[in-house]
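Q: Okay, sequence plus prediction incoming.
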Amino acid sequence: MWNNEYHLRRTKFVVYQIAMIFCVVSESLGTAALSDYVNQQDFVEKHSPGATVHNNDFVGAASYNIFVGIFVATIFGAGFFFDLFWPERHESPSVKLAWRICAIIAAIMALSSALTLTIIVATHHAWVSGTDAATARRLLIQYGGSPLRYRKNGRAIASVVFIWPGFVATVASAILLWMSYNHSEIYGPKSTHARNSEGSIQKDIEEESTDLSSIPRNTAQMPTESAPVQSHAGNQAAGMNGQDGSNTRYEGV
């Protein structure tokens, strides 16, 4: 998982996880605050018919933040696992373009969610209509928690705090994704040092093959048949007969 054989693999794993974790934590905290405000609204309207708690601004911002967190986790979570299990996968140009576009969209959405949530939590507040102030105050106290001013809600503040580093990590993740695809299209998925190492090994193999092919072969062959050996008795017979034919027998007429 943490080897450096592939280009930017370890860096992407770290940054992708930071983006996912911070965005998901932000949307989880926002969901908790959102649920409190929805329950508060239901409680007031149930005990005071005609009363309405106006908190749609925070409900909308927190809901959008939930979608952003899920989108970021989907895009870069999928990228994380694809790089982990299929680092040398083949993807068509349309798929690579879709990855690039989704990464940019994720960064833009994270920025818009961070700005929206920050502005609403810092400057907006909920308010009650349809009943008198004393009744509204009594019902809010009975419910407890979920202050009308959003900046006094600890979970809402924590959601804002976590979304900003999540946005920064999302932008960094998008940049890394683009850089990784640009590198893969030119050099392949392997890192520079891994390609150099493979090239060095291949060069050594080729040089070794060249050295072996340059060694001359021994063309001398051993005789397949031994030369005939003349016996000692044959040598004596040859000596007795001589070369001048003195012992040759003639028959006269």
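A: Ah, there it is.
Q: The protein: helices as residue ranges?
A: Per DSSP state H, the chain carries helices over the ranges 9-47, 56-85, 93-123, 133-143, 154-187, 192-213, 232-241.
Q: residues contacting the closest residue in space to residue 149 that isn't next to it in sequence?
A: Using Cβ to Cβ, 6 or more residues apart in numbering and skipping residues adjacent in sequence, the residue nearest residue 149 is residue 125, 4.3 Å away. No exception for glycine: its C-beta is placed from N, CA and C like everyone else's. Residues in contact with residue 125 (Cβ atoms under 8 Å, 6 or more residues apart in numbering) are 148, 149, 150.
Q: List buried residues within the residues you listed.
A: 148, 150 (16 or more other Cβ atoms under 10 Å).
Q: what's the closest of the contacts of residue 125 to residue 114?
A: For those, the minimum distance to residue 114 (Cβ to Cβ) is 15.1 Å, reached by residue 150.
Q: didn't that closest one look like it was pressed against residue 121?
A: Yes: using Cβ atoms under 8 Å, residue 150 is in contact with residue 121, at 4.5 Å.
Q: before we move on, the earlier item: just give me the closest of the contacts of residue 125 to residue 17.
A: Closest to residue 17, out of all of these and judged by Cβ to Cβ, is residue 150, at 29.3 Å.
Q: Would you mind measuring from the closest one to residue 138?
A: For residue 150, the distance to residue 138 equals 22 Å [Cβ to Cβ, to the nearest Å].
Q: Could you do residue 78 as well?
A: Distance, residue 78 to residue 138, using Cβ to Cβ: 50 Å.
Q: again with residue 130
A: For residue 130, the distance to residue 138 - Cβ to Cβ - is 14 Å.
Q: Residue 85 too?
A: 58 Å.
Q: just residue 161 next, same as before
A: Relative to residue 138, and taking Cβ to Cβ, residue 161 is found at 33 Å.
Q: Also residue 180?
A: 59 Å.
Q: Those two - which one has more neighbours?
A: residue 180 (20 against 15; other Cβ atoms under 10 Å).
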